[in-house]
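**Student:** Next one to model:
(one chain, ligands or ions: 1)
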Amino acid sequence: MEMEKTGAGVAVLSAKEAFEKLEKVGEGTYGKVYRAREKATGKIVALKKTRLHEDQEGVPPTTLREVSILRMLSRDPHVVRLMDVKQGQNKEGKTVLYLVFEYMDTDLKKFIRSFRQTGQSIPPQTIKSLMYQLCKGIAFCHGHGILHRDLKPHNLLMDRKTMMLKIADLGLARAFTVPIKKYTHEILTLWYRAPEVLLGATHYSMAVDIWSVGCIFAELVTKQALFAGDSELQQLLHIFRLLGTPNEEVWPGVSKLKDWHEYPQWNPKSLSTAVPGLDELGLDLLSVSCCSLTNSF
Ligand code: AMP
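**Tutor:** Next comes the predicted model:
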């Protein structure tokens, strides 16, 4: 069989035969996610249904390659584990893939929200542990040459009991149809997007993930998004207002980027104005996530 030769391990048994869907738990960037029970073992898993490119029949080799990358990365304890991949067909006869992941009971977005609702701060020890796990997971991905490109609290799954954090939604960006919007009316969030991506850079690096890590760090401290823009322009203006409007001197090449325009001129402010609860060492660490960006140009 062609698929087995690729080594991506796409199983022959259909998802319907192997799993009992329990309920929809989320709507990801690339498709619906269900909590499901594996019939053979009784084990609870997360089943992610992903649509493939519409004009293609079967599973393209590029997708199989992506799935094997995902499998390889999910060996890391801080990346959500991909346990299996099953192929199926939707009502229109189009090929769909079911990615079978270990089930995690919450995510960082919900976790932060629960603290916001009760008015409590997230304990510094918890923030340190979550950040450490996030950095370990990202280091593992970067060490294998893979960028996440869309890190955000919603994509960081957690186990409430053990406080384990695991990175999800990895490496799918190239394999599956790139979404403009979610299936629901929620627009894709720009809040964690690095300025070079917002400015239309075509060559970007690990710094785009480190930018997102910094935004997530600040949000853990304040329980509010650091830069909450509702359009690409607004997102850039939020960033420039805090970090200063970039120019050729601090960021060589910035004015050559595809979506560069003239922007209002702001001077950089201290990060402590945006993240007042953070101590000196924390602010120093946070500043690294912006430095890595301008140094990369
Ligand atoms: P994603 O496609 O990864 O953005 O997932 C969308 C939503 O589905 C997430 O916010 C989670 O609520 C849920 N989800 C995704 N993966 C899992 C998983 N492995 N375990 C439990 N819930 C998940």
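**Student:** Where does pLDDT dip in the protein?
**Tutor:** 1-13, 28-30, 52-57, 171-187, 292-297 (pLDDT under 70).
**Student:** Residues of it that sit close to the ligand?
**Tutor:** By C-beta under 6 Å from any ligand atom, the residues of the chain that approach the ligand are 25-26, 28-29, 33, 46, 80, 101-104, 107, 154-155, 157, 168-169. Just so you know, the C-beta spots here come from the backbone N, C-alpha and C atoms, and that holds for glycine as well.
**Student:** Can you flag the buried ones in the residues you listed?
**Tutor:** Neighbour counting with 16 or more other C-beta atoms under 10 Å marks 25, 28-29, 33, 46, 80, 101-104, 107, 154-155, 157, 168-169 as buried within these.
**Student:** Of those residues, just say which sits nearest to I127.
**Tutor:** D107 (16.0 Å; C-beta to C-beta).
**Student:** ok, now which ones touch I127?
**Tutor:** I127 makes contact with 217, 220-221, according to C-beta atoms under 8 Å, 6 or more residues apart in numbering.
**Student:** Secondary structure of it: a helix, I assume?
**Tutor:** Yes: counting by DSSP: H, G, I helix; E, B strand; the rest coil, I127 is located in a helix.
**Student:** G244 versus P61, what's the distance?
**Tutor:** Separation of P61 from G244 (C-beta to C-beta, to the nearest Å): 46 Å.
**Student:** can you redo the contacts of I127 as JSON lines with neighbour count and secondary structure?
**Tutor:** Listed next are the contacts of I127 as JSON lines, based on neighbours: other C-beta atoms under 10 Å; DSSP: H, G, I helix; E, B strand; the rest coil:
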{"residue": "F217", "neighbour count": "22", "secondary structure": "helix"}
{"residue": "L220", "neighbour count": "24", "secondary structure": "helix"}
{"residue": "V221", "neighbour count": "21", "secondary structure": "helix"}
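**Student:** Do you have the strands of the stretch 101-250 of the chain handy? List them.
**Tutor:** All strands of the stretch 101-250 of the chain, identified by DSSP state E, counting those that start in this stretch, fall at 106-107, 156-159, 164-167.
**Student:** Of these, which is nearest S129?
**Tutor:** strand 164-167 (8.1 Å).
**Student:** So which other helices or strands are in contact with the closest one?
**Tutor:** With contacts taken as 3 or more C-beta pairs under 8 Å, 6 or more residues apart in numbering; DSSP states H and E, strand 164-167 sits against helix 124-143, strand 156-159.
**Student:** deepest of the ones you listed, which one?
**Tutor:** Of the helices and strands packed on strand 164-167, the one with the most neighbours on average (mean count of other C-beta atoms under 10 Å) is strand 156-159, at a mean of 21.
**Student:** partner strands of that one, parallel or antiparallel?
**Tutor:** Here strand 156-159 has these sheet partners by DSSP bridges: strand 106-107 (antiparallel), strand 164-167 (antiparallel).
**Student:** What are the structural domain limits within this protein?
**Tutor:** 2-102, 106-290 (automatic domain parsing).
**Student:** Who are the packing partners of the helix or strand containing V67?
**Tutor:** In this assignment (DSSP states H and E), V67 forms part of helix 61-73. Helices and strands touching helix 61-73, as assessed by 3+ C-beta pairs under 8 Å, 6+ apart, comprise strand 82-89, strand 95-102.
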